[in-house]
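Undergrad: what follows is a predicted protein model with its sequence.
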Amino acid sequence: MPVYNEEKNIAAVIDQWCAQLDVCAIRYSILALDDGSTDGTASELQALRDKWGARLEPVRQPNAGHGPTILKGYREAIARRAPWIFQIDSDGQCDPCYFPQFWAERDGHDFIAGRRERREDGPGRVFISLVLRTVVRLISGVDCRDANVPYRLMRADAIAPLVAKIPDNCFFTNVGLSVLALRAHLRVKLIPIVFRARLGGQTTVSYRKMGRHAVTLYRNLKELLRN
């Protein structure tokens with residue numbers, strides 16, 4: 001779980017997810033990667049660590065960006081020999097109610113991802129997702145229904161060779177991994193989900209930077225497909 005300036009949301013997010021995972025009777029550890037937050041996120045995470053114990057592991061790091069932080073989490077989980085990796089964001093948009101279905105479908109699949117059939121975070125985000133799908137298809141030749149969704153359960157040994165191909169500074173880590181999973185013919189399953197609005201605070205995405213992000217996406221995918 002990448003975390004950046006989520007002081008207002010992180011307690012509710014961790015409480016909801018720990019409660020759901022406990023109901024599922026799963027042995028788990030939530031690796032909360034605090035990407036150099038400048039608000040009270042670090043203090044909130046420490047208080048949550050005291051509440052949930054070893055089920056939550058906060059890790060503080062200098063600001064690296066969303067994509068590199070996700071990549072760090074993937075690599076750390078693989079290094080620890082976790083059999084399954086589950087990735088979500090920390091803003092409260094990922095509803096824990098869908099997780100039992102993901103977990104029930106894990107046998108026979110390598111990569112289970114949400115497909116955001118309804119988004120409650122505004123029409124602008126819907127438009128960006130449609131543009132992203134089109135750009136990814138043009139560059140990579142594969143049709144990713146929701147390439148950047150931050151709600152995915154992955155078999156660690158299946159994605160480890162793919163994660164190794166992603167460069168440290170990749171901005172679109174989730175997109176790159178989705179493309180590589182499809183091109184490697186992993187056993188992929190998409191599960192419809194509703195993506196909630198943020199619990200609080202402001203989004204860190206700047207719509208004014210979308211053109212720059214499009215160029216970055218192009219470069220990221222081209223580099224991945226050369227490997």
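TA: That came through fine. Residues are numbered from 1 along each chain as shown.

Undergrad: low-confidence ranges in the protein?
TA: Within the chain, the stretches with pLDDT under 70 are 201-211.

Undergrad: 90 instead, please
TA: For the chain, applying pLDDT under 90 flags the ranges 121-135, 139, 169, 198-227.

Undergrad: helices of that one, residue ranges please.
TA: Using DSSP state H, the helices of the chain run over residues 10-23, 41-52, 66-79, 99-104, 123-140, 156-163, 173-183, 210-226.

Undergrad: tell me the most buried of those?
TA: Of those, the one with the most neighbours on average (mean count of other Cβ atoms under 10 Å) is helix 173-183, at a mean of 23. Just so you know, the C-beta spots here come from the backbone N, C-alpha and C atoms, and that holds for glycine as well.

Undergrad: could you give the angle of that helix to helix 123-140?
TA: Here helix 173-183 runs at 50 degrees with respect to helix 123-140, directions being taken by axes from the mean of the first three to the mean of the last three Cα atoms, to 10 degrees.

Undergrad: can you list the residues that contact helix 173-183?
TA: 66-68, 70-71, 74, 87, 110-111, 113, 132, 136, 140, 142, 144, 147-150, 152, 159, 162-163, 165-166, 170, 188, 217, 220-221, 224-225 (Cβ atoms under 8 Å, 6 or more residues apart in numbering).

Undergrad: run the last query once more with 7 Å
TA: Identification of contacts with helix 173-183 by Cβ atoms under 7 Å, 6 or more residues apart in numbering yields 67, 70-71, 111, 136, 140, 142, 144, 147-148, 150, 159, 162-163, 165-166, 170, 188, 217, 220-221, 224.

Undergrad: just the CA coordinates of that helix, formatted as CSV?
TA: The C-alpha trace of helix 173-183 is given here as CSV (Å, rounded to 0.1, in the frame of the first residue of the first chain):
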residue,chain,number,x,y,z
THR,A,173,4.1,0.6,-12.6
ASN,A,174,0.6,-0.8,-12.4
VAL,A,175,0.0,-0.2,-16.2
GLY,A,176,3.3,-1.9,-17.1
LEU,A,177,2.6,-4.9,-14.9
SER,A,178,-0.8,-5.3,-16.4
VAL,A,179,0.6,-5.2,-19.9
LEU,A,180,3.3,-7.7,-19.1
ALA,A,181,0.9,-10.1,-17.5
LEU,A,182,-1.3,-10.2,-20.6
ARG,A,183,1.6,-10.5,-23.0
